[in-house]
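Enquirer: Build me a model from this:
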Amino acid sequence: MPRLPPPTERVTGRRRAIGEQIRAARLHANLTQEAVALRIDMRLATYSDIEQGHSSPLLDTLIRVADAIGVPLSHLVREE
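Expert: The predicted structure follows:
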């Protein structure tokens, strides 16, 4: 299977922006990173990497995060 090229600056920038939107929604819901990670059955370090924009979560993971926080998926990935 061929390897994908490294992400462009636009992609890494959007990944960081999505992580920031997840963090803001989580804080608005008065949840800790640990609480969300537990709700979605994910290691805390892995969840933290998502919020920091260090990893590219699968769509299924983003859906689980949105459900755990109690917001629509579109709230986490919208561009402003």
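
Enquirer: My guess is R39 contacts A68. True?
Expert: Yes - here R39 lies in contact with A68, judged by CB atoms under 8 Å, at a distance of 3.9 Å. Any C-beta I mention is one placed from the backbone N, CA and C, and that applies to glycine too.

Enquirer: how about R16, what does it touch?
Expert: Residues near R16 by CB atoms under 8 Å, 6 or more residues apart in numbering: Q52, G53.

Enquirer: go on, Q33?
Expert: R26, L44, Y47, S48, E51.

Enquirer: Narrow those to those that are buried.
Expert: R26, Y47, S48, E51 (16 or more other CB atoms under 10 Å).

Enquirer: what about the first one, distance to R10?
Expert: In this case it means R26. According to CB to CB, to the nearest Å, R26 and R10 sit 25 Å apart.

Enquirer: Among R39 and A68, which residue is more densely surrounded?
Expert: Neighbour tally, R39 and A68, criterion other CB atoms under 10 Å: the higher count belongs to A68, 20 against 15.

Enquirer: Go ahead and produce CSV holding the CA coordinates of the strand or helix carrying that one.
Expert: Assigning secondary structure by DSSP states H and E places A68 in helix 59-69. C-alpha atoms of helix 59-69 as CSV (Å, rounded to 0.1, in the frame of the first residue of the first chain):
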residue,chain,number,x,y,z
LEU,A,59,-14.4,10.1,11.4
ASP,A,60,-15.8,7.5,13.7
THR,A,61,-13.7,8.9,16.5
LEU,A,62,-14.8,12.4,15.9
ILE,A,63,-18.4,11.3,16.0
ARG,A,64,-17.8,9.6,19.4
VAL,A,65,-16.1,12.7,20.7
ALA,A,66,-19.0,14.9,19.6
ASP,A,67,-21.5,12.5,21.2
ALA,A,68,-19.4,12.3,24.5
ILE,A,69,-19.3,16.1,24.7
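
Enquirer: Give me the buried positions along the helix or strand following that helix.
Expert: Toward the C-terminal end, the helix or strand that comes next after helix 59-69 (DSSP H and E) is helix 73-77. Going by neighbour count (16+ other CB under 10 Å), the buried part of helix 73-77 is L76.
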